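Undergrad: dropping the sequence and predicted coords here.
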Amino acid sequence: MEKQLNVGIIGLGGRGYFLLSTILKMEGILVTAVCDKYEDRQQAAAKLVEETAGNTPFCTGNYKDILKMDEIDAVVVSTSWADHIHIAIDAMKAGKYVGVEVGGAYSLNECWELVRTYEKTGVPCMLLENCCYGREELMVLNMVKKGLFGEVVHCEGGYRHDLRKEITYGRENRHYRLANYMHRNCENYPTHELGPIAKILNINRGNQMLSLVSVASKARGLNEYIRREEGADHELADYPFAQGDVVTTIIKCAHGETITLTLDTTLPRFYSRGFLVQGTKAMFMEDNRSLFLNDEHGEFEFNWMEQWNNVEKYREKYDHPIWRNYTPGEDAGHGGMDELVLAAFFDSARRQVQVPVDVYDMAAWMSITALSEQSIAMGGLPVAVPDFTNGRWVDREPAPEGRYCLHKVD
């Protein structure tokens, strides 16, 4: 049996509570402490732990109480976006492995502070980017690593998700997105799409992002939705929301690749992460679940609808080893991605090794939010992406191998 890990959960809103339910089904994990500034959330989490695992966790409204607990091996941070990095910094200083939910950074300074804290303490910090463990993303990564795509030239991804209801009722639900959409204009949620692409392009390990440009459309979607759902007299019906309905960000990489990211969360649409990878030998497109292989599909150039949903034909041959050996359990979260990313984090903490999505990844991916905000404010002018590795990206050693490794396949 694997060594038991004592874990603290910090932040118990909708996402934190959902992660807690997943963690409680995982072997070898004991949720020892829970934290949220709202007492009702603390009590709901404690009740879930008691009913599921049988123990009564320590409850607190101050995350520093958990960081002081000697018995805590690792913490999972699922608070509001603005709190992620400074809690991660305090956790590293306290000697705790820390896994941090996704979101964007508010400034480059906090990204640099995150990196410097890791370099000073040596305590690993992992961004819990679940999409890095999505089945399609890992299958494409596997194919890229095996050379099936040739040389990758261009990638695309997006957070294309109708969040109008969640944003509009942010005050009632105590959700932080509303304030962000009222006051900021940026690519506010970049890592779902960027994370898997960064692993495909070896960002921070042989490649890096150099610069970006970002532009935002006008903001009209939330106003229309509020007027329709709540009426023209609602206090936000005519509010001048800062966040553009569609934000497009283009990133240039050191080896010439381009990445296009799209944020699209306040207009009616279907859910999509818009994952697309183009190489000299193949192309993958998420939205129609298709693989275009140069040696097989040339004759379908003008009849590609006949090949939509052809991914399953290649599953047995090219499925990533992680998914070949995995069956999602109950409450695995997002089809299994949540369980896998948490398992990767806990596996690293248990073995006391570096995490597969490390602090340099976290800083680089999260920095896109602050950088896009600058570029949009300047009318789409290019801005430089900092090198948080200070030049070590050229020949950084790979992360430790293991069952959740993201840089090597069998």
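TA: All right, it came through fine.
Undergrad: how about the residue most central in space within the chain, what does it touch?
TA: By Cα atoms, centre = their mean, the chain has its centre lying nearest to Glu129, at 3.3 Å. For Glu129, the contact set (Cβ atoms under 8 Å, 6 or more residues apart in numbering) comprises Val102, Thr191, His192, Gly195, Val341, Val357, Trp365. From N, CA and C alone the C-beta is placed, and that goes for glycine too.
Undergrad: which of these sits closest to His407?
TA: Val357 (10.9 Å; Cβ to Cβ).
Undergrad: gap between the closest one and Val341?
TA: Note on Val357: its distance to Val341, by Cβ to Cβ, to the nearest Å, is 8 Å.
Undergrad: anything in contact with each of these two?
TA: Shared contacts of Val357 and Val341, counting by Cβ under 8 Å, 6+ apart, come down to Leu128, Glu129, Cys132.
Undergrad: domain map for this protein?
TA: The chain is divided into the following domains under automatic domain parsing: 5-129, 131-321+357-394.
Undergrad: mean confidence for the shortest one?
TA: Mean pLDDT, domain 5-129: 97.
Undergrad: quick one on the thing from earlier: what's the closest of the domains of the chain to Gly333?
TA: For Gly333, the closest of the domains of the chain is domain 5-129, at 4.6 Å, according to Cβ to Cβ.
Undergrad: okay, how far is it across that closest one, tip to tip?
TA: Across domain 5-129, the straight-line distance between its terminal residues is 21 Å, by Cα to Cα, to the nearest Å.
Undergrad: from the shared contacts of Val357 and Val341, pick the one nearest Pro398.
TA: Relative to Pro398, the closest of the shared contacts of Val357 and Val341 is Cys132; by Cβ to Cβ it sits at 15.3 Å.
Undergrad: any idea which element the residue lying closest to that closest one once chain neighbours are set aside lies in?
TA: Counting by Cβ to Cβ, 6 or more residues apart in numbering, Cys132 lies nearest to Gly195, which is 4.7 Å off, once chain neighbours are set aside. The secondary structure element spanning Gly195 is helix 191-200 (assigned by DSSP states H and E).
Undergrad: where along the stretch 151-300 of the chain do the strands fall?
TA: Using DSSP state E, counting those that start in this stretch, the strands found in the stretch 151-300 of the chain span residues 152-160, 209-216, 246-253, 258-264, 276-279, 282-285, 290-293.
Undergrad: that older thread, roughly how far apart are the residue nearest to Cys132 and Ile72?
TA: As defined by Cβ to Cβ, Gly195 lies at a distance of 27 Å from Ile72.
Undergrad: for Glu172, same thing?
TA: According to Cβ to Cβ, Glu172 and Ile72 sit 33 Å apart.
Undergrad: what does Gln42 give?
TA: Distance from Gln42 to Ile72, by Cβ to Cβ: 16 Å.
Undergrad: tell me which of Gly195 and Ile72 has more neighbours.
TA: For the pair Gly195 and Ile72, the greater number of neighbours falls to Gly195 (27 against 21), based on other Cβ atoms under 10 Å.
Undergrad: report the contact partners of that one.
TA: For Gly195, the contact set (Cβ under 8 Å, 6+ apart) comprises Leu127, Glu129, Cys131, Cys132, Val357, Asp361, Trp365.
Undergrad: could you dump the residues you listed to TSV with distance to Asn309 and secondary structure?
TA: Output for these, formatted as TSV (distance: Cβ to Cβ, whole Å; DSSP: H, G, I helix; E, B strand; the rest coil):
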residue	distance to Asn309	secondary structure
Leu127	31	strand
Glu129	26	coil
Cys131	20	helix
Cys132	24	helix
Val357	30	coil
Asp361	32	helix
Trp365	30	helix
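Undergrad: ok, so of the residues you listed, who is nearest Arg269?
TA: For the contacts of Gly195, with Arg269 as the reference and Cβ to Cβ as the criterion, the closest is Cys131, at 18.2 Å.
Undergrad: what kind of secondary structure is Ile9 in?
TA: Counting by DSSP: H, G, I helix; E, B strand; the rest coil, the backbone at Ile9 sits in strand.
Undergrad: for Gly150, same thing?
TA: Reduced to three states by three-state DSSP, Gly150 is coil.
Undergrad: ok, it to Gly157 distance?
TA: Distance from Gly150 to Gly157, by Cβ to Cβ: 20 Å.
Undergrad: show the pLDDT at the closest residue to Trp308 other than its chain neighbours.
TA: Across the structure, with Cβ to Cβ, 6+ apart as the measure, the residue nearest Trp308 apart from its sequence neighbours is Asn288 (4.3 Å). At Asn288, the model reports a pLDDT of 96.
Undergrad: now swap in Asp410 and tell me
TA: As predicted, Asp410 sits at a pLDDT of 64.
Undergrad: so what's the residue lying closest to Gly333 once chain neighbours are set aside up against?
TA: Spatial nearest neighbour of Gly333, chain neighbours left out: Thr22 (4.6 Å); criterion: Cβ to Cβ, 6+ apart. Listed by Cβ under 8 Å, 6+ apart, the contact set of Thr22 reads Asp331, Ala332, Gly333, Asp338, Glu339, Leu342.
Undergrad: ok, Met143 next?
TA: Met143 makes contacts with Phe149, Ala282, Phe284, Tyr318, as judged by Cβ under 8 Å, 6+ apart.
Undergrad: tell me the bridge partners for the third one.
TA: I take that to be Phe284. The residues listed as beta-bridge partners of Phe284 by DSSP bridges are Val277, Leu291.
Undergrad: I figured it hits Val277, correct?
TA: Yes - using Cβ atoms under 8 Å, Phe284 is in contact with Val277, at 4.8 Å.
Undergrad: list residues touching both of the two?
TA: In the contact map built from Cβ under 8 Å, 6+ apart, the residues linked to both Phe284 and Val277 are Val140, Phe149.
Undergrad: how near is Arg269 to His297?
TA: Applying Cβ to Cβ, the value for Arg269 to His297 is 28 Å.
Undergrad: correction: Lys64
TA: The separation that Lys64 has from His297, given Cβ to Cβ, amounts to 56 Å.
Undergrad: between the two, which is the more surrounded one?
TA: Taking neighbours as other Cβ under 10 Å, Lys64 and His297 compare with His297 leading, 18 against 13.
Undergrad: now that one: how far from Asp319?
TA: 20 Å.
Undergrad: kind regards, and thank you for your time.
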